[in-house]
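Asker: only geometry, no sequence info:
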């Protein structure tokens, strides 16, 4: 057993003082918005859990984009309630108005949609932490929300004082003394139907809004997609496309790719930036795109399992699986050593054009034997070639050193089987993706 050592009064005091200092640093001015669906308990009771959960999900799909559009932070949801925090009270009230307006529009266009919510707003100092907001400001906002009716927006005199915009239609709604308080709070009602339509300011979309857990999941699927593409390029595409010299430079020699084709690189980076912006800034993504991303995840998983299994097959089945179905017209040279020099002409005394690294592939254009050395002519740029020795001959006290290895590319039966199984994995991933409730 581990003995628990009690803190001395002095240590306990220092610990408490440190906590107090930390809490004081989290004090920030905020306007808290709390919403709640009217008669939701009755709905769950009459329609059951599935329909009740669908109602909450529809509520979140409508409200989340509006709160974010007006620069609010969704702190948490509790059942069918939302707690959001805003730095600007005007934006908080505008978000509340836009929420009521979009629900009104839904009720008018869909006779089966009857949802009404009540909203409470209160401003003041809050303890703003990473995952939550604490303080009296939250409690007062909750009390205001509970005093309202479906379709109403109530807010306190503290919020009223902080409003800079005078375009709202506001009426006094009396006052109340919150539980545990000695002083009364004046209550105001916002007549949102008399306010300018704010919905044109809101970026409404039919895309799936992503919560944090979903964004992590999508990021994992996107990484799997990139890994699958990289694997296909490494194993197959770079060899198949290298029949064309321009594509050979792009896929076989990454250095040439970056420097000779900057527009293509910028396009790839722009695509990656667009994906990042969609997932992590807009926090939404079309459902078909999510299905495709999970399809890539399924492809990668199924392909790797099948490829590894088929590679290890022994005996006659293994020989059958290694049978070539197709081969490349060109030969490919792979560098075996670090900083392998490529010369301007087949002579070690000529100018070094560049260096290649272990594993780097280059398209073989010709072979020339000069004395004891065999030279490979390789493509290094658009219309540019260089020469690299195949083997360094032995020297005094130094054995011969192989610098390059030349091979053809073969597409074998096992590759076909692995790709087919990988495609089945893509289909599995595409059709097994399920939308998580927001």
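Answerer: Received, thanks. Bear in mind the structure is a predicted one, so any value in this text is a computation, not a measurement.

Asker: make it CA atoms for all contacts and neighbour counts henceforth
Answerer: OK.

Asker: which residues in the stretch 1-150 of the chain form strands?
Answerer: 27-37, 73-78, 81-86, 117-128, 133-134 (DSSP state E, counting those that start in this stretch).

Asker: what lines up beside the last one in the sheet?
Answerer: It stands for strand 133-134. Next to strand 133-134 in the sheet, as set by DSSP bridges, lie strand 117-128 (antiparallel).

Asker: so what's the residue nearest to residue 337 when sequence neighbours are not counted up against?
Answerer: Nearest residue to residue 337, sequence neighbours excluded (CA to CA, 6 or more residues apart in numbering): residue 358, at 5.0 Å. Applying CA atoms under 8 Å, 6 or more residues apart in numbering to residue 358 gives the contacts 334-339.

Asker: would you say residue 358 is within a helix?
Answerer: No - the assignment for residue 358, made by DSSP: H, G, I helix; E, B strand; the rest coil, is coil rather than a helix.

Asker: what about the closest residue to residue 332 other than its chain neighbours, helix or strand, and which?
Answerer: Leaving aside its chain neighbours, residue 332 sits nearest to residue 363 (4.9 Å; criterion: CA to CA, 6+ apart). Taking DSSP states H and E as the criterion, residue 363 maps to strand 361-370.

Asker: In that strand, which residues are buried?
Answerer: 361-365, 367 (16 or more other CA atoms under 10 Å).

Asker: Adding pLDDT and distance to residue 403, write the residues you listed out as a markdown table.
Answerer: Compiled in a markdown table, the buried residues of strand 361-370 are given as follows (pLDDT from 0 to 100; distance: CA to CA, whole Å):
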| residue | pLDDT | distance to residue 403 |
| --- | --- | --- |
| 361 | 88 | 12 |
| 362 | 90 | 13 |
| 363 | 90 | 15 |
| 364 | 91 | 14 |
| 365 | 90 | 17 |
| 367 | 93 | 14 |
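
Asker: rewinding a little: what are the buried residues along the following helix or strand past the strand holding residue 363?
Answerer: With elements assigned by DSSP H and E, the helix or strand that comes after strand 361-370 is strand 373-381. Within strand 373-381, the residues that count as buried by 16+ other CA under 10 Å are 374-381.

Asker: ok, the residue most central in space within the chain to residue 350 distance?
Answerer: Among the residues of the chain, the one closest to the centroid is residue 219, at 4.0 Å (CA atoms, centre = their mean). According to CA to CA, to the nearest Å, residue 219 stands 49 Å off from residue 350.

Asker: ok so, going back, out of the strands of the stretch 1-150 of the chain, flag the one nearest residue 199.
Answerer: Evaluated with CA to CA, the strands of the stretch 1-150 of the chain place strand 117-128 nearest to residue 199, the distance being 17.3 Å.

Asker: per-residue confidence averaged over that closest one?
Answerer: Averaged over strand 117-128, pLDDT sits at 91.

Asker: That one to strand 73-78, inter-axis angle?
Answerer: Computed by axes from the mean of the first three to the mean of the last three CA atoms, to 10 degrees, the angle separating strand 117-128 from strand 73-78 equals 120 degrees.

Asker: now strand 117-128, how far from the centre of its chain.
Answerer: 30 Å (CA atoms, centre = their mean, to the nearest Å).

Asker: ok, the residue nearest to residue 352 when sequence neighbours are not counted - how many residues close by?
Answerer: For residue 352, ignoring the flanking residues on the chain, the nearest one in space by CA to CA, 6+ apart is residue 343 at 4.4 Å. For residue 343, the neighbour count with other CA atoms under 10 Å is 22.

Asker: Quick check: residue 298 touching residue 421?
Answerer: No - between residue 298 and residue 421 there is no contact under CA atoms under 8 Å: 9.9 Å.

Asker: In contact with residue 165, which residues are there?
Answerer: Counting by CA under 8 Å, 6+ apart, the residues that residue 165 touches are residue 90.

Asker: quick one: it from residue 123, how far?
Answerer: 15 Å.

Asker: picking up where we left off before, and the residue nearest to the centre of the chain, which helix or strand is it part of?
Answerer: For residue 219, the host element (DSSP H and E) is helix 212-232.

Asker: circling back to that earlier point, rebuild the contacts of residue 358 as a markdown table, extending it with pLDDT, distance to residue 101 and secondary structure.
Answerer: Formatted as a markdown table, those follow (pLDDT from 0 to 100; distance: CA to CA, whole Å; DSSP: H, G, I helix; E, B strand; the rest coil):
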| residue | pLDDT | distance to residue 101 | secondary structure |
| --- | --- | --- | --- |
| 334 | 91 | 65 | strand |
| 335 | 91 | 66 | strand |
| 336 | 92 | 68 | coil |
| 337 | 91 | 68 | coil |
| 338 | 91 | 66 | coil |
| 339 | 91 | 66 | coil |
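
Asker: Just send the residues you listed back as JSON lines, with neighbour count too.
Answerer: Conversion of the contacts of residue 358 to JSON lines gives the following (neighbours: other CA atoms under 10 Å):
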{"residue": "334", "neighbour count": "21"}
{"residue": "335", "neighbour count": "24"}
{"residue": "336", "neighbour count": "19"}
{"residue": "337", "neighbour count": "16"}
{"residue": "338", "neighbour count": "12"}
{"residue": "339", "neighbour count": "12"}
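
Asker: export the residues you listed to JSON lines and tack on distance to residue 266?
Answerer: As requested, these are arranged in JSON lines below (distance: CA to CA, whole Å):
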{"residue": "334", "distance to residue 266": "28"}
{"residue": "335", "distance to residue 266": "28"}
{"residue": "336", "distance to residue 266": "31"}
{"residue": "337", "distance to residue 266": "31"}
{"residue": "338", "distance to residue 266": "29"}
{"residue": "339", "distance to residue 266": "28"}
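
Asker: Need the contact partners of stretch 97-104.
Answerer: 62-63, 66, 115-117, 151-153, 192-193, 195, 197-199.

Asker: Buried residues, it. List them.
Answerer: Across stretch 97-104, burial judged by 16+ other CA under 10 Å covers 97-104.

Asker: ditto for stretch 114-125
Answerer: 115-125.

Asker: cool, stretch 77-93 as well?
Answerer: For stretch 77-93, by 16+ other CA under 10 Å, it's 80-93.

Asker: chain center to that stretch, what's the gap?
Answerer: 25 Å.

Asker: so is residue 354 in a helix, a strand, or just coil?
Answerer: For residue 354, the secondary structure call by three-state DSSP comes out as strand.

Asker: Without its sequence neighbours, what residue ends up closest to it?
Answerer: With CA to CA, 6+ apart, the residue lying closest to residue 354 is residue 342, at 5.5 Å.
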